[in-house]
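1. sequence below, structure please.
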Amino acid sequence: MKNLFALALSGVVILMAQSPDQDALRLRQEFDSLKFQFNYETDRLERRIETLERELARIPPASPLRPSQPAPILVPTPSADEIAVRRLVVTDDEGRIRGVLAVSEIYGPMLGLLNEHGDVVGLFAAGDAGTTLEIYDDAAGQRALLGLVEDEATLQLRDAEGNTSVRVPAAETGRQ
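-> Residues are numbered from 1 along each chain as shown. Modelled structure (predicted):
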């Protein structure tokens, strides 16, 4: 029971006895899933545009069904003080994802930082049940967790082998 700790994931506190590497793997899988969904939607829109362009090309130029000028595209413009996006992906010069700012089903609003190998090295999340800041090492092992879960502050530090070296409040004993 010493290895159990609470994390706020998607508004639910989950007791976990699994390795922090699994959390990093889940985050990477979610990044990949979001990337796949984005690519799928982009491809679907491109195919739809191509279909509409082919259909428009078949309409005779003098036909009342064919517009003489394309309709203006109205794009909402954010004010000078804001940018509105559903997901922001930051890449380096080689195109590798180095950061993601998004709203995740698992973590809620979150900022994930990745190293040059694509491994998660930092995660700041604000789920419904609490807020956490997690730091990972090069082996995708969680080394530090700072969180506020259900109004209880938690600090957990792990050594290189993944053993908890510091936990405040202390697990099970209630000592501080």
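
2. buried residues in stretch 129-143?
-> Of the residues in stretch 129-143, those scored as buried under the neighbour-count criterion (16 or more other CB atoms under 10 Å) are 129, 130, 132, 133, 134, 135, 136, 137, 140, 141, 142, 143. Where you see a C-beta, it was placed from the backbone N, CA and C, and this is true even at glycine.

3. for residue 154, see how far away the third one is.
-> Distance of residue 132 to residue 154, computed by CB to CB, to the nearest Å: 8 Å.

4. do the last one as well
-> Distance, residue 143 to residue 154, using CB to CB: 15 Å.

5. and what of the fourth one?
-> Distance of residue 133 to residue 154, given as CB to CB: 11 Å.

6. spit out the residues that contact the two alike.
-> Each of 145, 146, 147 lies in contact with both residue 133 and residue 154 under the rule CB atoms under 8 Å, 6 or more residues apart in numbering.

7. just the ones of these in strands?
-> Of the positions in those, 145, 146, 147 sit in strands, assigned by DSSP state E.

8. just give the nearest non-adjacent residue to the last one, would you?
-> What that stands for is residue 147. Nearest-residue entry for residue 147: residue 132, 3.8 Å, with adjacent residues in sequence omitted and distances by CB to CB, 6 or more residues apart in numbering.

9. what do you get for the first one?
-> Spatially, and ignoring its direct neighbours in sequence, residue 145 is nearest to residue 156 (4.3 Å; CB to CB, 6+ apart).

10. doesn't the one you found fall inside a strand?
-> Yes: per DSSP: H, G, I helix; E, B strand; the rest coil, residue 156 lies within a strand segment.

11. what sits in contact with each of residue 132 and residue 154?
-> Applying CB under 8 Å, 6+ apart, one finds that residue 132 and residue 154 are jointly contacted by 145, 146, 147, 148.

12. so the last one bridges to which residues?
-> What it means is residue 148. Following DSSP bridges, residue 148 is listed with bridge partners residue 131, residue 153.

13. re the thing from before, which ones are touching the residue nearest to residue 145?
-> The neighbourhood of residue 156, defined by CB under 8 Å, 6+ apart, consists of 5, 144, 145, 146, 164, 166, 167, 168.

14. could the residues you listed be laid out in CSV, adding neighbour count and distance to residue 26?
-> Putting the contacts of residue 156 into CSV (neighbours: other CB atoms under 10 Å; distance: CB to CB, whole Å) gives the following:
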residue, neighbour count, distance to residue 26
5, 19, 16
144, 15, 18
145, 23, 15
146, 16, 19
164, 15, 20
166, 11, 24
167, 17, 22
168, 13, 25
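
15. could you find the lowest-pLDDT member of the residues you listed?
-> The pLDDT minimum for the contacts of residue 156 sits at residue 5, where the score is 34.

16. where do the helices sit along the protein?
-> Here the chain has its helices, by DSSP state H, at 20-58.
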